[in-house]
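> Give me coordinates for this.
(one chain, ligands or ions: 1)
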Amino acid sequence: MLVAAAGGAVAYVSGRDADDAPAGTPLARPATNPPAQPQPPGQGTEPTQSAGPRATPGQSGSRTTQARPVTYVFPIGGCKASASQSHHDYPASDIFADKGCQFVSPVDGQVDEVIRVDSWDPETNVGKDRSGLSISVVGVDGVRYYGSHLSAIGAGIEPGVKVRAGQTLGLTGNTGSARPTPPHLHFGISWPTPPGKWWIRRGSVPPQAFLNSWRKGGSLSPVTTVAKAKRAYGTDRGCRSYC
Ligand SMILES: [Zn+2]
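Prediction:
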């Protein structure tokens with residue numbers, strides 16, 4: 001298991017405003033649709049309803065057919081990290097940690113999508129490019145986990161490759177729209193989709209309750225929450241907000 005949150009240590013970060021960027025950092029200020037700043041850790045999270053692993057529906061008669069419990073791991077390894085308890089525009093968490101910290105897979109699963117090139121242009125701030133370098137994994141629980149703004153992606157991390165909970169996928173950074181902000185892992189939870197549906201992949205349910213559990217060694221599962229959100233979302237009509 002990882003010890004990222006040992007002792008409950010919390011890294012202090014500032015960075016609500018681009019003005020907090022290190023001296024000399026060019027601050028992009030597009031005339032319209034400016035990149036939103038990540039929200040630092042704070043109060044005001046709403047508890048998220050969720051449930052742990054449970055028996056597969058329709059198989060209540062036998063103990064041997066129960067779903068195997070899934071082990072979850074906090075997605076930053078080997079560094080102090082502080083997860084924001086809210087997020088601008090859509091559900092996600094910005095997990096502040098130094099550049100170069102390990103982004104680890106939160107579950108056993110399979111690599112989904114990998115973006116190795118930072119195409120973000122602050123002048124256009126196109127939604128599909130805001131991630132910078134990013135990786136998503138579809139867990140054995142059927143849920144997709146996504147981390148972006150990475151500075152590097154591990155060798156051999158390609159779509160279809162199997163990974164284990166706690167395995168290093170890449171390193172934290174501030175690529176994409178995080179360029180003017182302190183380094184952080186943007187972390188999103190969603191249901192799997194065909195490739196390229198970044199408006200779902202970036203985060204579709206609030207991940208805070210799960211991150212807070214995993215950080216303390218718990219294994220709170222987002223399976224039920226994600227299934228409910230997918231039903232409520234309905235037919236995908238493309239990006240609907242903050243596009
Ligand atoms: Zn974010």
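> When you work out contacts or count neighbours from here on, use the C-alpha atoms and nothing else.
Fine.
> who are the neighbours in contact with Asp236?
For Asp236, the contact set (Cα atoms under 8 Å, 6 or more residues apart in numbering) is empty.
> and this protein, which of its residues are near the ion?
Residues of the chain lying close to the ion (Cα under 5 Å from the ion) are Asp94, His186.
> Find the centremost residue of the chain, please.
Phe187 (1.4 Å; Cα atoms, centre = their mean).
> correct me, but Tyr242 touches His88?
No - look at Tyr242 against His88 with Cα atoms under 8 Å: they stay out of range, at 9.4 Å.
> hmm, back to that, name all residues that make contact with the residue nearest to the centre of the chain.
Applying Cα under 8 Å, 6+ apart, the residues contacting Phe187 are Ala92, Ser93, Asp94, Ile95, Tyr145, Tyr146, Gly147, Ser148, Arg202, Gly203, Pro207.
> Going by distance to the ion, which of the residues you listed wins?
Comparing these against the ion with Cα to the ion places Asp94 closest, at 4.8 Å.
> Quick check: beta-bridge partners of the closest one?
Partner residues in beta bridges with Asp94, using DSSP bridges, are His186.
> and what of Ile153?
Beta-bridge partners, per DSSP bridges, of Ile153: Gly170.
> Which single residue of the protein ends up nearest the ion?
Proximity of the chain to the ion (Cα to the ion) peaks at His186, 4.3 Å away.
> What is the burial count for that residue?
Other residues lying near His186 total 27 when counted by other Cα atoms under 10 Å.
> Chain neighbours aside, what residue packs nearest to the residue nearest to the centre of the chain?
In space, and not counting its chain neighbours, Phe187 is closest to Gly147: 4.7 Å by Cα to Cα, 6 or more residues apart in numbering.
> Identify all contacting residues around the host helix or strand of the one you found.
For Gly147, the host element (DSSP states H and E) is strand 144-150. Residues outside strand 144-150 that contact it (Cα under 8 Å, 6+ apart): 103, 106, 131-139, 170-178, 183-192, 201-203.
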